[in-house]
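Undergrad: take this sequence and fold it.
(chains A and B)
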Amino acid sequence: MSKVYTWDQLFSRRQFIKGSVAAAALGAAAGIGLLRPESNLGQGISDQAAVKGTKLVTTICEQCVWRCGVIARVEDGVVKMLEGNPDHPNNLGRLCPRGNAGIETLYSPDRIKFPLIRAGARGSGLWRRASWDEALSYTAEQMKKIKDKYGAKAMMFNSTDNLSQPFFEILLKAYGTPNYGTQRSLCFNSMTTGFLYTYGTPQPGTDFSKCKYMIFTGRNLAEGISNSETQEMIEMVARGVKVVVLDPRFSKTASKATEWLPVRPGTDSAFFLAMINVIIKEKLYNKVFVNQYTQGFEDLLTEVKDYTPEWAEKKCEIPATTIRRIALDFASAAPAAIAHPNWRTSNFVNSFQTERAIAVLNALIGNWAQPGGLIPDQDLSTLKLGVLSHPAFPIAQGIRLDGVPWQYPMVPLAYGVIQTMRDNILTGKPYEAKGWLISRQNPVLSIPERQKTINALMKLDFVAVIDIQASDTAYYADVILPESYYLERFDGLIPIKNKIFIRQPVVEPLYDTKSSLMIYKELADKLGLGEFLPFKDEKDLLAQQLKPFAVDLEELQRVGHYEMQDFKEDHSKDFEFQTSSGKIEISSGIMAQMGKKAVPTWNEPPRPEKDHYYLLTGKTAQHTQMFTQNNRWLLEVFPENRAWLHTSVAAKIGVKMNDDVVLESEVGKVSIKAYVTEGIRPDCIFMVGGFGHVSKGLKAAYGLGASDSALHKTITDPISGGSALSETFVTVSKA
Amino acid sequence: MTVRMGFVIITSRCIDCDACMVACRSENDVPLGHTRNWVKSSGVQGQFPKVSEVFQPGNCMHCDNPPCVSVCPTGASQKRSDGIVIVEDKKCIGCKYCLTACPYDARFSNSETGKADKCTLCLHRLEQGLEPACVQTCLGKSRLAGDLNDPSSVVSMLIAQYPTRILLKEVGTGPNIYYIDEAVPDIPDGK
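TA: Residues are numbered from 1 along each chain as shown, chains lettered A, B, ... in the order given. Predicted coordinates:
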């Protein structure tokens, strides 16, 4: 019987460095000397370095999903500094705080250093070390057992946006389950579906460089950093462009804007419908564009007739005169004016209508493919990588647990509704789920009603997690397959327009970990599905992806990117809209088919009762979702989340800055420090998401702040599948 | 003309992301619990909904008359001929006089070495022709560094073009961080 370890023992440095487990884990190849010996990493170990001298390695960041270019400086085998790659369009040579902090996680004592198999009750924190062969065989056996007994559909596969995701999708399709969970319904389903059903493309770009008037309604670029877009926003502000921010909270983006409008939560669509009303009434829309490229304008006329600024003021609490002024100014800046499509706007059931109104407002002023306006789907005009040839996938049997499309007919299959998948694990309807393979996703902290997600995990026969650290979800797993960190591994190649970029190891893996590419491949082999991922190793796969291009892998690795010289952007299809009518659908054909109102409309959102507050969540520039809170360099600049309370609310309950308060919703209760400010509506409480970790394997982050997932109710927009996070109301009291 | 190294910081371009702080920690092995640079916030000023907030990045001002140098009993704290204020570790006895003397609170006692520690303007990077780490990474091009005596430097061109302010002018330290609060649409090309 092998020795059983607790989390504390697994991650104790003494145990790790000096114990027998450690000696075995490190082996000869990954010597202690590779651990960065710097004091700010808390290692304090210095030994002979494996490789002498300094080298620069070009790779791709993975501290969020933006895929910035990085040049890593490696001194004597130790990663010393990460800098932005000036040749990379996603960040133009600069890194955000998270990108700068990647080194801390690489050398963190909390990395999972070898495969682990649960050795006590689920969630007990008792583990034993396993070899890769044993861990993968065990995982494959469990997955086969589930497939044989209950069918492939009883197994769920989840992953989040990352460069190797296409290969995870091959694995799940080869296995044959219809159940795939992504993060999208917790994020931007309302934006992507709203634009998809209007323009036929989920996420058009925005030309900041020539824009003269910008309205943000859920795109907080100063705190939700998307590197190049954040830089474009800063430049736009510096040029003196009119920037209007609708947000119930005074965000850092709002502090940079020319105008902050503290809109009542859930009523943004009233603001936009009133703008449409004014622009139509004053005949300021682009008649030529509307006639040529849109359908349903007449229906819109009827619908918005009564959505006057005076009507909207009563809903959104922005003065009618302000709405009218903004509508007139916005129209006069057209076509160099943008109502930004935003991002995580799935905050209310009516957010789909908000996004539709935004999409239609842009169409009315004809900013499509115009300087300073919306940019058609850029992905259409990108180099196409070579693909693996594999047998046809089996046809997935059974309906999906997440209700797409049988409960949510309008949600694209690729997006899914993860919160409903979780709910249906618990209900056992329409059938019982039995197993869950989760690749670097953390549903415990991301899906509303954390306790339900934990209960769902406890109910399953088998849970396997692929991650670099002991996430809150890994904490409840039966097996943890440790992935190499992004600075230690290859991933699938990434084409951006006329260039192909590569993520490659900056240093060899420090521990007994593997790239997700190899984990997927070797798991496929063990499942008897190896022919679906036909590659020998990562380099072999990347060579196959590179086949169509006149560059070899070695050259790509050396330069960091490949540029196709005679590549021409294809704009011939910019005005071929992939909608059912081939036009921009002001009146949506699909909505009409579904028997719903086909033009953007007003749906009254719920509002909090007396002594209850809207619970708002959002981002901070220093952390990414639920993924970086254990990074101590980032904790130095953002140590924990706090509850933003308006000064009057704080006075009412008798709390001062940094006092503990208790927030309570219908589904949960948390204690959190107060941040008292004039920068929030008095009817709202805001907290940054991603804190309040429950995994004791995240030693630095454990116990810091509180999780919004413990408070959020599960409310889903039946059209977009978006999780209506801000329809949770809370009470607040002094702790 | 002699070289006089310093910074221009454009507050209107700072979004308080703190990338500069993390980059400095990484480049200079700054121990946890301390920092060589910072971004200070005014806090949310005014009353809802008429509020504002501004951010002011900073670090050692590499003063013309650095009090940290004059109080140093061993000559460890020095003003170089190029204007950069440094601490020569070998000579530092860790007495912390300089920590108290600095009106900008730009120094700390390094818990690992026991020596006074501060921004070096990334001297080791300048020597290789690189920008300081905080300048290199800044998303808003808010932080800029260069020779304040060279009229063709970015910092000199900006100082010539925009109104600037320095911190604690009245204490007479002659700080070499020049703050610009106005919107700066274009960062000039320069050294």
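Undergrad: which residue ranges of chain B form strands?
TA: B:5-10, B:37-41, B:45-47, B:50-52, B:55-59, B:77-79, B:85-87, B:108-109, B:116-117, B:143-147, B:177-180 (DSSP state E).
Undergrad: make CSV out of these and add mean pLDDT, mean neighbour count and distance to A:Lys696.
TA: Where you see a C-beta, it was placed from the backbone N, CA and C, and this is true even at glycine. Below are those laid out as CSV (pLDDT from 0 to 100; neighbours: other Cβ atoms under 10 Å in any protein chain shown; distance: least, Cβ to Cβ, whole Å):
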stretch, mean pLDDT, mean neighbour count, distance to A:Lys696
strand B:5-10, 98, 26, 42
strand B:37-41, 98, 18, 32
strand B:45-47, 98, 11, 41
strand B:50-52, 98, 14, 40
strand B:55-59, 98, 22, 36
strand B:77-79, 98, 20, 45
strand B:85-87, 98, 22, 41
strand B:108-109, 98, 17, 32
strand B:116-117, 98, 24, 34
strand B:143-147, 98, 24, 39
strand B:177-180, 98, 22, 44
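Undergrad: could you dump the ones you listed into CSV and include distance to chain A?
TA: Formatted as CSV, these follow (distance: least, Cβ to the nearest Cβ, whole Å):
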stretch, distance to chain A
strand B:5-10, 8
strand B:37-41, 9
strand B:45-47, 6
strand B:50-52, 5
strand B:55-59, 8
strand B:77-79, 22
strand B:85-87, 17
strand B:108-109, 13
strand B:116-117, 11
strand B:143-147, 11
strand B:177-180, 11
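Undergrad: can you lay out these as a markdown table showing distance to A:Ile225?
TA: Shown next, in a markdown table, are those (distance: least, Cβ to Cβ, whole Å):
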| stretch | distance to A:Ile225 |
| --- | --- |
| strand B:5-10 | 19 |
| strand B:37-41 | 14 |
| strand B:45-47 | 24 |
| strand B:50-52 | 22 |
| strand B:55-59 | 15 |
| strand B:77-79 | 37 |
| strand B:85-87 | 32 |
| strand B:108-109 | 28 |
| strand B:116-117 | 29 |
| strand B:143-147 | 17 |
| strand B:177-180 | 23 |
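Undergrad: identify the residues contacting residue 139.
TA: Went with chain A since none was named. A:Leu437, A:Ala464, A:Val479, A:Leu481, A:Leu523, A:Lys526 (Cβ atoms under 8 Å, 6 or more residues apart in numbering or on different chains).
Undergrad: that answer is for a different chain, and I need it for chain B
TA: Applying Cβ under 8 Å, 6+ apart, the residues near B:Leu139 are A:Arg94, A:Cys96, A:Ile225, A:Asn227, A:Thr230, A:Gln231, A:Ile234, B:Ile15, B:Cys17, B:Ala19.
Undergrad: tell me the secondary structure at the closest residue to the fourth one other than its chain neighbours.
TA: Spatially, and ignoring its direct neighbours in sequence, A:Asn227 is nearest to A:Asn91 (4.0 Å; Cβ to Cβ, 6 or more residues apart in numbering or on different chains). A:Asn91 carries the three-state label coil when classified by DSSP: H, G, I helix; E, B strand; the rest coil.
Undergrad: can you tell me which residues in the stretch 601-735 of chain A are near chain B?
TA: A:621-622, A:632-634, A:636-638, A:646-647, A:677-682 (Cβ under 8 Å from any Cβ of the partner chain).
Undergrad: check chain B and tell me which residue is nearest its centre.
TA: Nearest to the geometric centre of chain B sits B:Asn59, at 3.4 Å (Cα atoms, centre = their mean).
Undergrad: need the longest helix for chain B.
TA: Longest helix in chain B, counting residues (DSSP state H): helix B:19-28.
Undergrad: for that one, name the packing helices and strands.
TA: strand A:78-84, helix A:97-100, helix A:632-637, strand B:37-41, helix B:133-137 (3 or more Cβ pairs under 8 Å, 6 or more residues apart in numbering or on different chains; DSSP states H and E).
Undergrad: quick one: closest of those to A:Phe567.
TA: strand A:78-84 (23.4 Å; Cβ to Cβ).
Undergrad: that closest one pairs with which strands, parallel or anti?
TA: Here strand A:78-84 has these sheet partners by DSSP bridges: strand A:69-75 (antiparallel).
Undergrad: pLDDT averaged over the strand it pairs with, what's the number?
TA: Averaged across strand A:69-75, the pLDDT comes to 97.
Undergrad: now do the residue in the stretch 451-600 of chain A that chain B sits nearest to, the pLDDT please.
TA: Closest contact between the stretch 451-600 of chain A and chain B, by Cβ to the nearest Cβ, is at A:Leu487 (12.7 Å). pLDDT recorded at A:Leu487 is 98.
Undergrad: residues touching the nearest residue to it once chain neighbours are set aside, list them.
TA: Excluding the flanking residues, the one nearest A:Leu487 by Cβ to Cβ, 6+ apart is A:Val506, at 4.4 Å. Each residue near A:Val506 by Cβ under 8 Å, 6+ apart is listed here: A:Val57, A:Thr59, A:Ala72, A:Val74, A:Val79, A:Leu487, A:Glu488.
Undergrad: wait, the last one touches A:Lys514, no?
TA: Pointing back at A:Glu488 there. No: with contacts defined as Cβ atoms under 8 Å, A:Glu488 does not count as touching A:Lys514, sitting 9.7 Å away.
Undergrad: okay, now A:Pro335: neighbour count?
TA: By other Cβ atoms under 10 Å in any protein chain shown, the residues close to A:Pro335 number 22.
Undergrad: and it, helix, strand or coil?
TA: coil.
Undergrad: surely it and A:Leu364 touch.
TA: No: using Cβ under 8 Å, A:Pro335 makes no contact with A:Leu364, being 10.6 Å away.
Undergrad: which residues are in contact with each of the two?
TA: A:Asn286.
Undergrad: burial count for A:Trp436?
TA: 27.
Undergrad: and if you look at the one 10 residues further on?
TA: A count of nearby residues for A:Ser446, using other Cβ under 10 Å, gives 26.
Undergrad: same check, this time on A:Leu106
TA: With other Cβ under 10 Å as criterion, A:Leu106 counts 24.
Undergrad: what do you get for A:Gln593?
TA: Neighbour tally, A:Gln593, other Cβ under 10 Å: 12.
Undergrad: residues contacting the closest residue to A:Ala333 other than its chain neighbours?
TA: Leaving aside its chain neighbours, A:Ala333 sits nearest to A:Tyr213 (3.7 Å; criterion: Cβ to Cβ, 6+ apart). Contacts for A:Tyr213 (Cβ under 8 Å, 6+ apart) come out as A:Val241, A:Lys242, A:Val244, A:Asp329, A:Phe330, A:Ala333, A:Ala336, A:Ala337, A:Ile338.
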